[in-house]
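K.L.:
got a predicted model here, sequence first, then my questions.
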Amino acid sequence: MPALFMLGAVAAVLAPAPSASGEKLRAWPAMRHEGATYAVATDRRNRIISCVPLDPATDAAKTKAACTAIAARGVPAAITPALAKGPTEEWFPSSDYPATAIPEHSSGSVTIVYEIDERGAATHCMVQHSSGIARLDVAACAAVLKRARFTPASYQGKPVHAAAIATFEYDSE
């Protein structure tokens, strides 16, 4: 169940953005290109559809060129992605969200990038696209770091670090 928290007469929900397939969240090992490291997201057929630098200072033009090259290479066949254990909605219990200043009748989303270690624990979270509400952005990273657990990614059968790009939506009523 997504987190539901009350703000006086305003209720808000923070939940993973819906996926068309209902599949579990997948995270791939970070990919390197010309000295920089990138997180990638794929579609159901493991085609790279999104790419984000893990160093937020990476130049935009360099990122675009690198992401094009990474997408052209694709995901190596010997890699198995990390898979979320259990429903991602459980990462956001209502107890995590004290009353905050989310405008009534507003909605939006926050996109975060985080790493997953060889044991399947989420680490090193950063906001890629802000919701415009700093406390909500911080809460999304904090919840993922505290509760997200994955079956680790592997390369040739050995656990490896991975990185995930995830968007979480909120809606106040």
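P.N.:
Received the coordinates, thanks. Computed from a prediction, not measured in an experiment: that's the story for all the values here.

K.L.:
make it CA atoms for all contacts and neighbour counts henceforth
P.N.:
Will do.

K.L.:
quick one: Ile49 from Ala122, how far?
P.N.:
22 Å (C-alpha to C-alpha, to the nearest Å).

K.L.:
so who does Gln128 touch?
P.N.:
Contacts for Gln128 were tallied using C-alpha atoms under 8 Å, 6 or more residues apart in numbering; they are 110-113.

K.L.:
show the subsequent helix or strand relative to the helix or strand harbouring it.
P.N.:
Secondary structure assigned from DSSP states H and E places Gln128 in strand 122-129. Remark: after strand 122-129, the chain's next helix or strand is helix 134-147, criterion DSSP H and E.

K.L.:
show me what counts as buried in that next one.
P.N.:
When burial is assessed from 16 or more other C-alpha atoms under 10 Å, helix 134-147 yields the following buried residues: 136-138, 140-145.

K.L.:
do the same with stretch 69-76
P.N.:
Of all the residues in stretch 69-76, those buried under the rule 16+ other C-alpha under 10 Å are 70-71, 74-75.

K.L.:
and if you look at stretch 58-65?
P.N.:
Buried residues in stretch 58-65, counting neighbours by 16+ other C-alpha under 10 Å, are found at Thr63.

K.L.:
dump it to CSV, keeping only the CA atoms.
P.N.:
As requested, C-alpha coordinates have been extracted for stretch 58-65 and formatted as CSV (Å, rounded to 0.1, in the frame of the first residue of the first chain):
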residue,chain,number,x,y,z
THR,A,58,29.0,15.5,-15.7
ASP,A,59,28.6,17.8,-18.7
ALA,A,60,25.1,17.6,-20.5
ALA,A,61,26.6,17.2,-24.0
LYS,A,62,29.0,14.5,-22.8
THR,A,63,26.1,12.7,-21.1
LYS,A,64,24.0,12.7,-24.3
ALA,A,65,26.8,11.3,-26.4
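
K.L.:
need the contact partners of it.
P.N.:
With C-alpha under 8 Å, 6+ apart as the contact definition, stretch 58-65 has outside contacts at 36, 52-53.

K.L.:
same check, this time on stretch 137-147
P.N.:
Contact with stretch 137-147 is made by 91-92, 96-97, 110, 112, 121-127, 130-131, 168, as judged by C-alpha under 8 Å, 6+ apart.
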